[in-house]
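Asker: 3D model of this:
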Amino acid sequence: MKMIQSSANAIGQLTIVKRNIITNLSETFIVPNIVTTIGKTYIAQRFAGLSVTTSVVPMQWMALGTGTSANNGTLPTIAVGDTVMGYETPKVNYAAVGGGSSLTTRPTITSSTSAANVVTYVCTFPAFLTAGAIVTQSLTEAGIFNGDGATTSTGSGAGYAGTMLCHTAFAPVNKTWADAITITWNISLS
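Answerer: Numbering: from 1, shown residues only. Below is the predicted model:
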């Protein structure tokens, strides 16, 4: 008897929209990404219907980073074996600007939907309320997690670094205190 062979692949793409709250000007960037090995394990656990334990808490947080390659100051190296970002930006009081739960967390994903074979996550990194609260950041990477990043402990959910589902690097996007960034991240299973 001949076996039927099929392969499943998880791929993604994100759209970054940077909007200045003063000038209302915006820029849009479209970036491919990878689904990490540990992210694929997470997907398999969800397929298997495992109970919601620390390893299968839903993906609920997004992070931005300013990581660069250690040897030449270019974009961070992205690999399927990644479990953390190169340099995640410091967490801020997203609750004060309408996006998170406390002073030390990543912002929460505000929308997650599924249609056909695509899961879409949306998250906004708001402009900060006071000028000078944060200096300009040259953002070069992003990730999706099932931990809020409140600590670097293993596990997931509130108070954990979490499992990194996806990781991507992109040409620098400069974010000032007056810029809001919205990321729409599509992950396709094909």
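
Asker: just the helices in the protein please.
Answerer: 37-47 (DSSP state H).

Asker: could you list the low-pLDDT ranges of it?
Answerer: Along the chain, the model assigns pLDDT under 70 to residues 1, 3-8, 49-56, 69-75, 90-105, 129-135, 150-160.

Asker: relative to Pro172, how far out is the residue lying closest to Thr176 once chain neighbours are set aside?
Answerer: Of all residues not flanking Thr176 in the chain, Thr136 sits nearest, at 4.9 Å (Cβ to Cβ, 6 or more residues apart in numbering). The C-beta positions use only the backbone N, C-alpha and C, and glycine is treated the same way. To Pro172, Thr136 is 10 Å away according to Cβ to Cβ, to the nearest Å.

Asker: over to Val17?
Answerer: 16 Å.

Asker: now do Ile22
Answerer: From Ile22 to Pro172 the distance is 21 Å (Cβ to Cβ).

Asker: the residue lying closest to Asn117 once chain neighbours are set aside: neighbour count?
Answerer: Spatial nearest neighbour of Asn117, chain neighbours left out: Leu189 (4.8 Å); criterion: Cβ to Cβ, 6+ apart. If you count neighbours by other Cβ atoms under 10 Å, Leu189 ends up with 14.

Asker: give me the neighbour count for the residue nearest to Ser190 when sequence neighbours are not counted.
Answerer: Nearest non-adjacent residue to Ser190, counting by Cβ to Cβ, 6+ apart: Asn9, 5.3 Å away. Asn9 has 9 neighbouring residues, counting by other Cβ under 10 Å.

Asker: do the same with Phe128
Answerer: When neighbours are counted by other Cβ under 10 Å, Phe128 comes out with 21.

Asker: distance of it from Val173?
Answerer: According to Cβ to Cβ, Phe128 and Val173 sit 16 Å apart.

Asker: try Asn9
Answerer: 27 Å.

Asker: go on, Lys18?
Answerer: 6 Å.

Asker: hey, what's in contact with both of the two?
Answerer: Counting by Cβ atoms under 8 Å, 6 or more residues apart in numbering, the contacts common to Lys18 and Val173 are 27, 29, 181.

Asker: is the last one in contact with Ile16, as I believe?
Answerer: Yes - counting by Cβ atoms under 8 Å, a contact exists between Ile181 and Ile16, whose distance comes to 6.3 Å.
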